[in-house]
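Asker: only geometry, no sequence info:
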């Protein structure tokens, strides 16, 4: 799986050796339901219950690389899901804070991460739209569900020089229109947005829907 990620086309491959090593070290089969374990290392998303999915490994690697992480970074993740992305991040940075709006998934992910020894990850159940201000500012933020805009509270919680990696798109009658993976960089001059590629994520629920 990891070898495949480094061999895609130049625009859509993962080349950061630290990211690839982290993905090689994390046992993805531990983060998927038993009935999906035989597909754990296929490059595809898989259902994890509660109407949610674990992201395609390529997307995990690509988004992680786009965060441009350093070993001493503090990172916020919105959308814990299975906990797999948080586990990958935990091997690359000092601290990971992760929020999951679906409480059973938050509890399950926290238990899995604790069982596997990822001690620098903190998980809480809640609406991630407003981030986790008690632990801000963050060096990088990753969002694994799609609002139709970049939430201002998340941008506010970035350090100067920080990076926000987020899918942004509109939901129309339960179906997605165009959805773009976006990298937002924060500087003294403000926010600079860079559109990377088309993607498909589950929608961000909670306050994000009320802000449309």
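Answerer: It's in. In this text the structure is predicted, and so the values were computed from the model without any measurement. Numbers count the residues shown, from 1 in each chain.
Asker: remind me which residues of this protein are low pLDDT?
Answerer: 6-11, 171-178, 211-212 (pLDDT under 70).
Asker: ok, and for the longest strand along it, which residues are buried?
Answerer: In the chain, assigned by DSSP state E, the strand with the most residues is strand 158-172. By neighbour count on 16 or more other CB atoms under 10 Å, the buried set for strand 158-172 is 158, 162-169, 171. Glycine gets a C-beta too; all of them are placed from N, C-alpha and C.
Asker: please identify which pair of those residues lies farthest apart.
Answerer: 162 and 171 (27.0 Å; CB to CB).
Asker: now do the contacts for residue 26.
Answerer: The contact partners of residue 26, by CB atoms under 8 Å, 6 or more residues apart in numbering, come to 84, 87-88, 91.
Asker: try 10 Å this time
Answerer: By CB atoms under 10 Å, 6 or more residues apart in numbering, the residues touching residue 26 are 60, 83-91, 116, 118.
Asker: now swap in residue 45 and tell me
Answerer: By CB under 10 Å, 6+ apart, residue 45 lies in contact with 39, 52-57, 59-60, 200-202.
Asker: at 7 Å what do you get?
Answerer: Going by CB atoms under 7 Å, 6 or more residues apart in numbering, residue 45 touches 53-56.
Asker: hmm, residue 19 is touching residue 64, no?
Answerer: Yes: if you go by CB atoms under 7 Å, residue 19 and residue 64 touch, sitting 5.0 Å apart.
Asker: next one: the residue sitting furthest away from the middle of the chain from residue 136, what distance?
Answerer: Largest separation from the mean C-alpha position in the chain: residue 189, at 26.1 Å (CA atoms, centre = their mean). Noted for residue 189: a distance of 20 Å to residue 136, by CB to CB, to the nearest Å.
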